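Chemist: Let me see the structure of the following:
(2 chains)
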Amino acid sequence: MADIILTGDTSGAITVAAPAVAGTNTLTLPASTGTMITSATAAADVPKPTALSTASGSAPSYSARAWVNFNGTGTVAIRASGNVSSITDNGTGDYTANFATAMADANYASVCNSSRSDTNNAQGNNHTSTAVPATGSIRVIAQITTTASAQDQAYFMLAIFR
Amino acid sequence: MNKRIVYTNDDGTVAVIVPADECGLTVEQIAAKDVPTGKEYHIVDAADIPTDRTFRDAWTWE
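Modeler: Below is the predicted model of the structure:
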């Protein structure tokens, strides 16, 4: 086995210490040239993965920056959410998702879906034409496409990608 | 969070803000952030909001 050489900078010390518990612990270095970070004090020090661990192929992965699942009928309530501080019930089938942390800009993509409560007419979900997406919120509406009338939905799901 | 934040829009319709439990903010912090600037708002119990939404767009707040 080759020697392991630890070289310090102009000051300080480098310590490799075993934990105070029994067992074998292995410190595995990268197989190719690279850096293994075991701690980071700033977000900029953390390597940015280009793909989710479950992704296949070489296309980059982008995770949702905000998402929410809520009931838009009866007592309107959020079932679960991420980076959403609240939803605003603006009226029938008309909701605004407010982000806990704003997006970097308003050029994000939204994906929304809802349950279909009207069995006779097609339904769609859109962000409203009168309120363009903003960095801190997006207003969405569930409507019957043939009549353009809004309709409350028991399940409304929204995700934001940027 | 069984609270709601209510305010009146410029067109007279009523907006009801539903806080997200998982966001880590208090209802007061959410009100400060998500109610449009300058709007008077009220924090109420969720039970105070009608569940019959048949005439939702005709709701008023007094």
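Chemist: Can you tell me who the nearest residue to A:Gly93 once chain neighbours are set aside pairs with across the strands?
Modeler: Distances taken as C-beta to C-beta, 6 or more residues apart in numbering or on different chains put A:Ala150 closest to A:Gly93, at 3.3 Å, once the chain neighbours are dropped. Quick note: C-beta positions are derived from backbone N, CA and C, even for glycine. Beta-bridge pairing of A:Ala150 under DSSP bridges involves A:Gln143.
Chemist: What is the burial count for residue 19?
Modeler: No chain in the question, so chain A it is. A:Pro19: 7 surrounding residues under other C-beta atoms under 10 Å in any protein chain shown.
Chemist: try chain B instead
Modeler: Neighbour tally, B:Pro19, other C-beta under 10 Å: 26.
Chemist: Those residues of chain B touching chain A, which are they?
Modeler: Proximity of chain B to chain A, by C-beta under 8 Å from any C-beta of the partner chain, involves residues B:5, B:9, B:13, B:15-25, B:30, B:33-34, B:46, B:49, B:51, B:53, B:56-57.
Chemist: Check the contact between the residue nearest to A:Gly93 and A:Val140; I expect there is one.
Modeler: No. Applying C-beta atoms under 8 Å, one finds A:Ala150 not in contact with A:Val140, separated by 10.4 Å.
Chemist: which neighbours do those two share?
Modeler: A:Asp94 (C-beta atoms under 8 Å, 6 or more residues apart in numbering or on different chains).
Chemist: So the two - more neighbours on which side?
Modeler: Between A:Ala150 and A:Val140, counted using other C-beta under 10 Å, A:Val140 has the larger neighbour count: 22 against 19.
Chemist: tell me the mean pLDDT over the strand or helix carrying that one?
Modeler: If you go by DSSP states H and E, A:Val140 is part of strand A:137-144. The pLDDT scores in strand A:137-144 average 89.
Chemist: All set, thanks.
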